[in-house]
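Participant: Provide a 3D model corresponding to the input given below.
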Amino acid sequence: MNRKTLAALVAVNVVLLGFLLLSVLTGGQPAYAQVEAPGRGGDYVMLAGDLSSRTQQAVYIIDQRSAQVLTLLFTSTTRRLELIGSRDLSEIATARPTR
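Facilitator: Coordinates of the predicted model:
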């Protein structure tokens, strides 16, 4: 390796190191995916279980931050998840039991 090539590589590394230090010291803007937007969900729980009205099993996805539950059914003929319904868990928690 001759001196010109070595000097060019050192110069490129110094410039890259400068950009790295600049980005670390200024903090920069977080990526959009890292910003918490209100009402956009957060902590999820995913469960599989039986449906009382069908012989198939469903997937329940619970969003703990927005207190929502989604019920999904896998259709084997189309190989797709089908949304069966969604509920607000706060409504379920405050509902009076029926006898």
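Participant: so what does the lowest-mean-pLDDT helix or strand in the chain touch, helix or strand wise?
Facilitator: Within the chain, confidence by mean pLDDT, DSSP states H and E is lowest for helix 89-94 among all helices and strands, at a mean of 81. For helix 89-94, there is no helix or strand it packs on, judged by 3 or more CB pairs under 8 Å, 6 or more residues apart in numbering; DSSP states H and E. Heads up, the C-betas are built off the backbone N, CA and C, glycines and all.
Participant: so where's the chain shaky on pLDDT?
Facilitator: Within the chain, the set of residues satisfying pLDDT under 70 comprises 28-42, 98-99.
Participant: strands along that one, start to end?
Facilitator: Assigned by DSSP state E, the chain shows strands spanning 44-50, 57-63, 68-75, 80-88.
Participant: can I get these in JSON lines with mean neighbour count and distance to G27?
Facilitator: Shown next, in JSON lines, are those (neighbours: other CB atoms under 10 Å; distance: least, CB to CB, whole Å):
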{"stretch": "strand 44-50", "mean neighbour count": "10", "distance to G27": "29"}
{"stretch": "strand 57-63", "mean neighbour count": "16", "distance to G27": "30"}
{"stretch": "strand 68-75", "mean neighbour count": "16", "distance to G27": "33"}
{"stretch": "strand 80-88", "mean neighbour count": "12", "distance to G27": "38"}
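Participant: now render the ones you listed as a markdown table, adding distance to A95.
Facilitator: Output for these, formatted as a markdown table (distance: least, CB to CB, whole Å):
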| stretch | distance to A95 |
| --- | --- |
| strand 44-50 | 20 |
| strand 57-63 | 17 |
| strand 68-75 | 14 |
| strand 80-88 | 10 |
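Participant: residues contacting L89?
Facilitator: Contacts here follow CB atoms under 8 Å, 6 or more residues apart in numbering; on that basis L89 touches 62, 67-69.
Participant: hmm, V69 is touching Y60, no?
Facilitator: Yes: using CB atoms under 8 Å, V69 makes contact with Y60 at a distance of 6.1 Å.
Participant: distance from the chain centre to the least confident helix or strand of the chain, please.
Facilitator: For helix 89-94, the distance between its averaged C-alpha position and the chain's averaged C-alpha position is 24 Å (CA atoms, centre = their mean, to the nearest Å).
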